[in-house]
Each structure stands twice: as structure tokens, then as C-alpha cells.
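Q: Give me coordinates for this.
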Amino acid sequence: MSTAVRDLPAAQRGHPTSAPVPTVARPTVRARGRPGGRILQAIPSALEALRANKGRSVLTTLGIIIGVASVIAIVALGQGSSAQVQARLSTLGTNVLTIQGGSNRGPVQGGAGTAGALKAEDAEAIRREVPNILLSPVVQGNSQVIAGSNNWQTRVTAVRPEYQQIQSWQMASGAFFTEQDDAAARNVAVLGQTVVQSLFPGGQVPVGQVIRVRNVPFTVVGVLASKGTGFGGDQDDTILIPFQTGQVRLFGISSINNVVIQAQSSEDVPTIITQVSALLRARRGLQASQANDFTVRNNNEVVETVSSVSETMTYLLGGVAAISLIVGGIGIMNIMLVSVTERTREIGIRMAIGARGSDILAQFLVESVVLSLIGGIIGILIGAAATFAIPAFLGWATVLPVGAIVLAFAFAAAVGIVFGVYPARKASRLDPIDALRYQ
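A: Numbering: from 1, shown residues only. Presented below is the predicted three-dimensional model:
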């Protein structure tokens, strides 16, 4: 070809004009940032994806909502009932001991009148030998009580005046009997609220009235404030009379049912138990090889045992409710897997324009966590509302469990992370070419 021809344009040389080859711009590769920065960048797109599927997002959070609300409500009920039990147990006194005598020839301890039963002299010896205590011997039995045309079967307990302080009895009206009443064996009585309602209905004033217990007349000098139902039944279904009156005139026995002792503090209880046990063993002539024919019961042990059982039940019920959070997490994982399938082309496009697998992972993980957190917040609101509504409508005691609220919210977030990892990893490992071809 001549030089002139070579210098002509291609169209004049007889060749068709070649179409310009398009230049495909390479996607700009973003510098690798910190993981926290990628997560922050993924939040807007994750929220947008959740807003685009409102119905599915609401259904996905239901499991978390129910789980968190259930945990809060159940723990609130458990702590409320535990608080009630603690309040009732506090009336027993954690520094109160009960000593009961009986026979050591069998597994069953006997009461007043049985072989090995305690004597009033035992109580007096303890009073003399053990310092810094309040003490009252106790003799009791069930009796028919008559007031006018009304009668009632109740528990009559003969005690010393110290018994009022030991058992934390408050007076509703009148006064408790005195040391002089006990020393003179006067026929005076203090009534519990249940007895008052049964013998003096219609608002009658019982103080100053005369009642008959086993045909023995007693003058009512006081009415006890209500304690309600406790261990052993209705605490208000009782009549208290002076110890000397009960032992000599009413029951006519030399032995006693038990002795109640109050220490100055719960720290003194172990020392007092040791002193009382040594004294009673010496008085009853027990050898070192012989077992005690009496029992010393520490109310603090009862309080701790019942409290431990109540706490265990609360944790157990809370754990059962927490299972629904696991179920809610499985629901989130399933929905997120469906979302990955539906958004395969979107994932392919994002990868084609420069998104890395870590960006896709961050987006889907953020979506999962946001769903869990939203469900957790709504569940907290519902659970807190239930905590205040239950006492109003059902009359059950509840305590707002701040610790359970924090724990349930943290657990909900953890569920979102744990159950969101698998769908997010699956999305981040999709091949861009296959994702773009997905129909």
C-alpha cells in the first residue's frame, strides 16, 4: 500500500469504520476501614431493608417480644412472692430459737406430757444460766371458747409477757398482760383478730368482755393486731393467756410444749444454742454417747431454706421463659435466610460495584441485631406494663426486676448476633456472577 493510501482515513481506504471499544470503569476499591466503621456504614441500608419489609420485620420480632416480656413478668412475680414470703418469715425473727423436748427412743419427738418433755424448771434454768436473752415457756392446746351466744374452737397459748416481744405481736386495742398478771395467775386473755371476729361480730368491743375457756372465765384485756396466714396456719386464730394461769388452772400439767428464746442478734444464736444444749444435757443426765432428747430449732435456718427455695423457683421459671428467646432467635435466623434468598440479585449487584463480603456480612448482621433490639425494647415495655398490671387486676405481688430487664435485653441482643451470623455469612460468601444470574 502506498504511503498516500496509508495516510487516508479508514473510510477512504475502503475499510468500514470500527466502533469505539467501550471502556468499563473499574470499581473504586475502598480502603479497608475498621470493622466498626463498616458496621456503622451498614446501619442505614439495614434499616432501609427492614422498612421495606415492615410486615415480615414485625412477625420476626414477635418471638423476641414474647420471650423478653415473659422473662420480665415471671421474674417480677417470683420476686414479688419471694418478698411476701420474706415479710412473713421476718415475723418469726431470725434471732429466735424454739426448744422442744421429747423422747430419744424413737424418731418422733413428743410434746407436753410425754416422756422427756420439757419442764417449767428447765425454762427457769435457761433464764438464769444463759445471759442476754428473752425467754418464755409455752403451753398450748385447742379449746372451745364461748362469749355470750357465740362459740369458737381455737388455739389457747399460755406464755410469759416476754412472748409479745419475742414473736413481734403488736396491739390493736387494749394491752398485753403484765408480769403481775402472770405471777398472780389472773384470768386475763388477749385475743387474735380471727377470734374477735368469731366471738364478737358486728363491731362489738371485746376489751373488758368475759369469755369462757373450758368453762373458766377470762376477762379480755387486749386485742392483737393482725398477722395473717403464716407457717402453721392462721396466726390470728389464737388466744394468749398468762403462763401460770394456763399451766395451773387451765391445762393442769407440769410439763410444757416448748421454750422460745430471743437472742440480742442473729450472731449470738450459735453461742446460745451451744450453751442451752449443754445445760439441758446436764439437767437431763445424758451421757456423751447419748443423743439429745430435745430439739433446738433456729428460725434463721427456716428463713434461709424457704428463701433459697423461692429464689430457685424464680430462676427456674425465668429459665423456662428464656427458652422462648431461643425460639425467637431461631425465627430470626429462618427469616434472615429467606431474606438472603430473596435479595440474591441485590447482593450480586452490590458486590459487582465494589462491596466486599465483609460489607454484606455487616449489613445482614446489623439487620438481625436491630430486629432483636427492637423486639427487646417492645418486650421490656410490655413486661414492665404487665408487672404493674398484675397486682391491679389479679392482686398478686410483683417487684419490677431491674436486673432481669437488663439481662433480658442483653440476651436479646446476643440472640440477634448468634442467630444472625449464619445467614450473614451465607450472604457474604455468594459468588457475584451467580448472584447476578439468579432469577
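
Q: mind listing the strands for the protein?
A: In the chain, the strands defined using DSSP state E lie at 96-101, 118-119, 133-147, 150-159, 171-174, 188-191, 210-213, 216-224, 229-230, 233-234, 238-242, 255-256, 258-263, 294-298.

Q: want to throw those strands into TSV with mean pLDDT?
A: TSV is the format used below for those (pLDDT from 0 to 100):
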stretch	mean pLDDT
strand 96-101	89
strand 118-119	90
strand 133-147	93
strand 150-159	94
strand 171-174	94
strand 188-191	96
strand 210-213	95
strand 216-224	96
strand 229-230	71
strand 233-234	80
strand 238-242	96
strand 255-256	90
strand 258-263	92
strand 294-298	87
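
Q: Find the nearest non-adjacent residue to the residue nearest the centre of the chain, please.
A: What sits nearest the mean C-alpha location of the chain, by Cα atoms, centre = their mean, is residue 79, with 2.8 Å. Leaving aside its sequence neighbours, residue 79 sits nearest to residue 399 (Cβ to Cβ, 6 or more residues apart in numbering; 4.1 Å). The C-beta positions use only the backbone N, C-alpha and C, and glycine is treated the same way.

Q: check contacts around that neighbour.
A: 76, 79, 80, 83, 387 (Cβ atoms under 8 Å, 6 or more residues apart in numbering).

Q: Which member of those residues is positioned nearest residue 255?
A: Proximity of the contacts of residue 399 to residue 255 (Cβ to Cβ) peaks at residue 83, which lies at 39.4 Å.

Q: tally of neighbours for that closest one?
A: Per other Cβ atoms under 10 Å, the neighbour tally for residue 83 reads 14.

Q: So the nearest residue to it once chain neighbours are set aside versus residue 188, what's the distance?
A: Nearest residue to residue 83 in three dimensions, chain neighbours excluded: residue 399, at 5.7 Å (Cβ to Cβ, 6+ apart). As for residue 399, its distance to residue 188 is 42 Å (criterion: Cβ to Cβ, to the nearest Å).

Q: do the same with residue 236
A: To residue 188, residue 236 is 19 Å away according to Cβ to Cβ.

Q: all helices of the stretch 301-439 of the chain, in order?
A: In the stretch 301-439 of the chain, the helices defined using DSSP state H, counting those that start in this stretch lie at 344-352, 357-394, 402-428, 432-437.

Q: Now residue 291. Its backbone dihedrals?
A: Main-chain torsions, residue 291, degrees, to the nearest 10: phi -80, psi 160.

Q: and it, how far is that from residue 282?
A: 15 Å.

Q: cool, and residue 57?
A: Distance from residue 57 to residue 282, by Cβ to Cβ: 78 Å.

Q: now residue 209
A: If you go by Cβ to Cβ, the gap between residue 209 and residue 282 works out to 46 Å.

Q: ok, those two, which is more surrounded?
A: Of the pair residue 209 and residue 282, residue 209 is the one with more neighbours under other Cβ under 10 Å, namely 17 against 11.

Q: Isn't residue 298 up against residue 263?
A: No - with contact defined as Cβ atoms under 8 Å, residue 298 does not count as touching residue 263 (9.9 Å).
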